[in-house]
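*Asks:* task: produce atomic coordinates for the following.
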Amino acid sequence: MSDSATTETIHEGQHNGPLYLVFGASGYIGSHLVPELLKNGCRVRAVARNTEVLQDRGWQGAEFAAADALRPETLAPALEGAEIAYYLVHSMGAGKEFGRLDLQAAENFARAAEQAGVRRIVYLGGLVPESARSEHIISRRETGDALRRGSVPVTELRAGIIVGPGSAAFEVMRDLVLHLPIMVTPRWVFAQSPPIALNDLLEYLRRVPTLPETADKILDTAGPNHLTYAEMMRQLAEEAGHKPPRIVPVPLLSPKLSSYWLKLVTAVPTPIARALIEGLREDYTADDTEIRRLVPQRLMDFREAVRDAFRAERDNAVTARWTEGAFMFRDYRLDYSFYSKKATGRYVSSASPDAVWRVVSAIGGENRYYFANPLWALRETMDWLVGGVGRNRGRRHPTDLRIGDTIDSWRVVDVEPERRLTLWFGMRAPGSGVLEFELTPTGNGGTEITVINHWHPAGVWGLLYWYAFAPAHSFVFPGLARAIGRRAESLPTASGSCSSDAG
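*Replies:* A predicted model of the protein is given here:
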């Protein structure tokens, strides 16, 4: 929840009827709920801290607004006219302060919703065992309590493990079972939980605010079976066509201790992965009798849900920005992590986006990479020595780019002139990588240049590969952004010469 957010409505939708506001639309559930509501003819306003993230989703007919629950002054414009508000934000990635931030955000939102005349708040929380000690689980319960202290009726749905591409719990399990032949685990691996398929949960979320009898209710949601984590991991491995890992439980290994080595196993953001693991001390149960009566539907069991998740990936139906999980940029591999590791460099240049684009679009080939070229050459040679394409240098045209073009060992996968260039990594490595250049006008004629390297690791070896190159990344990508900006600043202006290039 950044404190730098502003409120800005981008465009209005074309649907009639009540306005559904999805607060936290850039998050996992929100990014799936918005298209589900639109598909069913709802009028939707998607809200996140940054509307640029939302505009990349292709949600035709939605309204977009920027707001931050930790900045109360941004909430009123975003909530104006909304009748149903989904509250789908949490601060789990904020570190040790996430519990306090969650409460503050919920209190701010409840107050603003009341002032805006919202008729119903729908909140997605988590199942809460009586003996819960995890701050993550307790915080989810207390967030619901904070929302209920306002005057707007609240419907709280509680869910355990959500089975779908990009779900943090699902992705931790996938990374574990597809890369560890033997797992030494605490005894929590035999604790039980009732997983629910993402699509089944979305159906509940879509329909509950339309039912008067769900107001001011807490409703458990679950799939048709309770399974141990060991059973879930075995079924997940089988559906991926992988041999299930051998699980060796160790009595003295607590969830807290086991969470410390997650950096070497999963690319799921470490604070989130640790919070999830530390919440696995108890059995989780759900009594979903009431919601099944109110919202009848056929529920997928865990194996069906995993199969459906893998099918969604293969069919490119995953609703997320592709650099986070699209299947083609994970080299069509189920065992390449959905979440990417990232290295970033930024530079604010006085040059115009047009001038910066002239430099960016000419990268590679004879121009090479503008910064730290010996390091780029070393990596290319390493790839060539193991039979890769690292020393295949050149490009089709010195400045013109098309999707599918080869630039040295990279392939062009997205071109938006003066805005974005995206290259896919073609060298041999334990994972799949993307290099992206983003150009953002600064308002004074200049350009903010952002260079982002995304890496989808293939398990332990892919993560070790990433960490081995991390020192070079921290040097190369900021330097590359700076070199591009300065080279653009040195180009002749449009009135000076029409024939100059970035070379």
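*Asks:* which residues does Ala273 contact?
*Replies:* Ala168, Val172, Ser259, Leu262, Thr266 (Cβ atoms under 8 Å, 6 or more residues apart in numbering). Where you see a C-beta, it was placed from the backbone N, CA and C, and this is true even at glycine.
*Asks:* sec struct for it, please.
*Replies:* Assigned by DSSP: H, G, I helix; E, B strand; the rest coil, the conformation of Ala273 is helix.
*Asks:* ok, Ile484 - contacts?
*Replies:* Counting by Cβ under 8 Å, 6+ apart, Ile484 makes contact with Tyr347, Ser349, Val356, Val359, Val360, Tyr370, Phe437, Ile449, Val451.
*Asks:* for the stretch 201-350 of the chain, just list every one of the strands.
*Replies:* Taking DSSP state E, counting those that start in this stretch as the test, the strands found in the stretch 201-350 of the chain are 217-220, 227-228, 246-249, 341-349.
*Asks:* mean pLDDT lowest for which of these?
*Replies:* Note on the strands of the stretch 201-350 of the chain: lowest mean pLDDT is at strand 246-249, with a mean of 82.
*Asks:* can you spell out which helices and strands pack onto that strand?
*Replies:* The helices and strands touching strand 246-249, judged by 3 or more Cβ pairs under 8 Å, 6 or more residues apart in numbering; DSSP states H and E, are strand 182-185.
*Asks:* show residues contacting the strand it packs on.
*Replies:* By Cβ under 8 Å, 6+ apart, strand 182-185 touches Leu176, Val177, Val189, Met233, Pro245, Arg246, Ile247, Val248, Pro249, Val250, Leu253, Ser258.
*Asks:* coming back round to it: which of the contacts of Ile484 lies closest to Glu418?
*Replies:* Val356 (7.8 Å; Cβ to Cβ).
*Asks:* what about the closest one, how many residues nearby?
*Replies:* A count of nearby residues for Val356, using other Cβ atoms under 10 Å, gives 27.
*Asks:* cool, Leu227 as well?
*Replies:* By other Cβ under 10 Å, neighbour count at Leu227 equals 19.
*Asks:* Provide the partner residues of it in its beta bridges.
*Replies:* Ser193 (DSSP bridges).
*Asks:* who touches it in this structure?
*Replies:* Contacts of Leu227 (Cβ under 8 Å, 6+ apart): Gln192, Ser193, Pro194, Pro195, Gln235, Phe302.
*Asks:* between those, which has the most around it?
*Replies:* Using other Cβ under 10 Å as the neighbour test, the contacts of Leu227 are led by Pro195, with 27 neighbours.
*Asks:* ok, that one touching Phe302?
*Replies:* Yes - using Cβ atoms under 8 Å, Pro195 is in contact with Phe302, at 5.1 Å.
*Asks:* need the overlap of contacts for those two.
*Replies:* Residues touching both Pro195 and Phe302 (Cβ under 8 Å, 6+ apart): Val163, Gly223, Leu227, Met232.
*Asks:* of the residues you listed, which is the nearest to Ala312?
*Replies:* Using Cβ to Cβ, Val163 comes nearest to Ala312 of the shared contacts of Pro195 and Phe302, at 10.8 Å.
*Asks:* can you give me phi and psi for the closest one?
*Replies:* Note on Val163: its backbone torsions stand at phi -100, psi 110 [degrees, to the nearest 10].
*Asks:* residues near the closest residue to it other than its chain neighbours, how many?
*Replies:* Leaving aside its sequence neighbours, Val163 sits nearest to Ala305 (Cβ to Cβ, 6 or more residues apart in numbering; 3.8 Å). Neighbours of Ala305 under the rule other Cβ under 10 Å: 27.
*Asks:* gap between Ala305 and Leu401?
*Replies:* Distance of Ala305 to Leu401, computed by Cβ to Cβ, to the nearest Å: 40 Å.
*Asks:* Asp175 now?
*Replies:* Taking Cβ to Cβ, one finds Asp175 at 34 Å from Leu401.
*Asks:* who's more crowded, these two?
*Replies:* Asp175 (27 against 21).
*Asks:* where's that one, which helix or strand?
*Replies:* If you go by DSSP states H and E, Asp175 is part of helix 168-177.
*Asks:* ok, back up a step: reformat the contacts of Ala273 as a markdown table; add neighbour count, distance to Ala48 and pLDDT.
*Replies:* Converted to a markdown table, the contacts of Ala273 look like this (neighbours: other Cβ atoms under 10 Å; distance: Cβ to Cβ, whole Å; pLDDT from 0 to 100):
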| residue | neighbour count | distance to Ala48 | pLDDT |
| --- | --- | --- | --- |
| Ala168 | 21 | 18 | 88 |
| Val172 | 21 | 24 | 88 |
| Ser259 | 18 | 28 | 65 |
| Leu262 | 21 | 27 | 75 |
| Thr266 | 28 | 25 | 85 |
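*Asks:* how many other residues sit next to Asn444?
*Replies:* Neighbour tally, Asn444, other Cβ under 10 Å: 7.
*Asks:* which pLDDT value goes with it?
*Replies:* Here, the pLDDT recorded for Asn444 equals 90.
*Asks:* how about it, phi and psi?
*Replies:* Backbone torsions of Asn444, given as degrees, to the nearest 10, read phi -110, psi 20.
*Asks:* can we start the residue count at 13 from this point?
*Replies:* From this message on, residue numbering opens at 13, which makes the last subject Asn456.
*Asks:* Arg370 versus that one, what's the distance?
*Replies:* From Asn456 to Arg370 the distance is 19 Å (Cβ to Cβ).
*Asks:* please compute how far the top helix by length along the chain lies from its chain's middle.
*Replies:* For the chain, the longest helix by residue count, based on DSSP state H, is helix 471-502. Distance of helix 471-502 from its chain centroid, counting by Cα atoms, centre = their mean, to the nearest Å, is 21 Å.
*Asks:* buried sites along it?
*Replies:* By 16 or more other Cβ atoms under 10 Å, the buried positions in helix 471-502 come out as 471-472, 474-475, 477-478, 481, 485, 488-501.
*Asks:* any low-confidence regions in the stretch 63-212 of the chain?
*Replies:* 103-110, 144-145 (pLDDT under 70).
*Asks:* let's have the strands of the stretch 213-362 of the chain in JSON lines, adding distance to Gln67.
*Replies:* Below are the strands of the stretch 213-362 of the chain laid out as JSON lines (distance: least, Cβ to Cβ, whole Å):
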{"stretch": "strand 229-232", "distance to Gln67": "33"}
{"stretch": "strand 239-240", "distance to Gln67": "39"}
{"stretch": "strand 258-261", "distance to Gln67": "44"}
{"stretch": "strand 353-361", "distance to Gln67": "20"}
